[in-house]
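1. everything below, folded, please.
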Amino acid sequence: MGASAKTVLVTGICGRLGQLVVRQLHRSHRVIGVDRRPFDRLPADVVHHEVDLRKKKIRDVFRTEKIDAVVHLGVMHDPRKSSADHHSWNVAGFAKLLGYVAEFGVKKLVMLSSANVYGPHPNNPQFLTEDAPLLGGASFSDIRDLIELDHLAQGFFWKHPEVNTVILRPVHIVGTVRNAASNFLRLPVVPTLLGFDPLVQLVHENDVVRALISAVESDVRGIFNLAGPEPIPLSRILSRLGKPTIPVPHTFAQPLLRRLWNMRLTSFPPPEMDHIRYICMVDDARARSELHFQPAHDLASTIEAVNWGRW
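-> Model (predicted):
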């Protein structure tokens, strides 16, 4: 490690994206991970604290280590968990983390949010900038939590200008990750909505990892949309993946999907259906100019990453 190496605390290191971040970040920085789950094949030089982010033990980590940067990936996205579980883990845990960042003089905070906080809507402009209102929680409690985290980070940004706070809002991440978009595109037969074929933005998980590391290493602060290659109609994504589809009228699709969800016959949450109905695309000019972020993966390799089910 060089003289510019930092000590970086990463939350949520045992998630698929977290593991990718750690495996890249530890090559040039000292990494301390926090996650209550075990980490299989943890790099030997990474310190892993198997503790709950809400517990007081986290404060001991900040007190005994000189932490230069925090990367927060520890967000619960399980739509089958209760609202109380989501709020306790996501909001209360992140609020404690922000307190420790301020108390112990951490100079950099990077939080991974999502472009889903904007929400798909028939009146959306073609491309949403970072100043657009966050309306994604209107029908989905999981996104309401993420919006609250985003707002907490924004408030911290203004209250603590001494900390270079970065909020990243990527579009639909594809790769080994398990999220609503990937689960939907991996269905053996994909339902589509009659009369709707929205343009969709995807970003490769490796490009998100690169953006996270760039945010850690740079002196930038602010909110940044992250997009991958050019937008593409949903129908063309499914065609490139060779997926058979079933066109369904919207009036039938919503109750059908809700029934399948309640029977645990699908991993695609019913509120996510608006993403295959309306557009929610972002303008990523700020990330390209200030973070110098350019996606390394073209459209073909990004779409192909949907098929990555394993390491």
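2. excluding its backbone neighbours, what's nearest Val220?
-> Glu290 (5.3 Å; CB to CB, 6 or more residues apart in numbering). Backbone N, C-alpha and C define where each C-beta goes, glycine included.
3. now the one you found, what are its backbone angles?
-> Torsion angles at Glu290 (phi, psi; degrees, to the nearest 10) stand at phi -100, psi -40.
4. just to check, it is in contact with Arg221?
-> No - if you go by CB atoms under 8 Å, Glu290 and Arg221 don't touch, sitting 9.4 Å apart.
5. among the two, which residue is more densely surrounded?
-> Neighbour count, other CB atoms under 10 Å: between Glu290 and Arg221, Arg221 has more, with 18 against 14.
6. run a quick neighbour tally on the closest residue to that one other than its chain neighbours.
-> Here the nearest residue to Arg221 in space, its sequence neighbours aside, is Asn164; by CB to CB, 6+ apart that works out to 4.3 Å. Residues near Asn164, counting by other CB under 10 Å, number 20.
7. now Asn164: how far from Ala92?
-> Look at Asn164 and Ala92: by CB to CB, to the nearest Å, they are 24 Å apart.
8. check Asp219 too.
-> Separation of Asp219 from Ala92 (CB to CB) stands at 30 Å.
9. what about the two, which has more around it?
-> Each of Asp219 and Ala92 has its neighbours counted (other CB under 10 Å); Ala92 has more, 12 against 7.
10. dump the residue contacts of that one.
-> Arg54 (CB atoms under 8 Å, 6 or more residues apart in numbering).
11. show the contacting residues for the nearest residue to Ala227 once chain neighbours are set aside.
-> Take Ala227 and drop its neighbours on the chain: the residue closest to it by CB to CB, 6+ apart is Asp284, 4.0 Å away. Counting by CB under 8 Å, 6+ apart, Asp284 touches Phe224, Asn225, Leu226, Ala227, Phe293.
12. and the strands in this structure?
-> Counting by DSSP state E, the chain has strands at residues 7-11, 30-34, 47-49, 69-72, 108-112, 164-170, 172-174, 190-193, 199-200, 202-204, 222-226, 232-233, 245-248.
13. now mean pLDDT and distance to Asp145 too, for the ones you listed, in TSV please.
-> Below are these laid out as TSV (pLDDT from 0 to 100; distance: least, CB to CB, whole Å):
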stretch	mean pLDDT	distance to Asp145
strand 7-11	96	15
strand 30-34	95	19
strand 47-49	93	24
strand 69-72	97	13
strand 108-112	97	13
strand 164-170	97	15
strand 172-174	95	18
strand 190-193	89	26
strand 199-200	96	23
strand 202-204	97	22
strand 222-226	98	18
strand 232-233	97	29
strand 245-248	89	29
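14. quick one: those as CSV, columns for distance to Trp261 too.
-> Output for the strands of the chain, formatted as CSV (distance: least, CB to CB, whole Å):
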stretch, distance to Trp261
strand 7-11, 29
strand 30-34, 31
strand 47-49, 34
strand 69-72, 29
strand 108-112, 26
strand 164-170, 25
strand 172-174, 19
strand 190-193, 13
strand 199-200, 21
strand 202-204, 23
strand 222-226, 29
strand 232-233, 26
strand 245-248, 15
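15. ok, now how distant is the residue nearest to Val220 from Asp283?
-> 13 Å.
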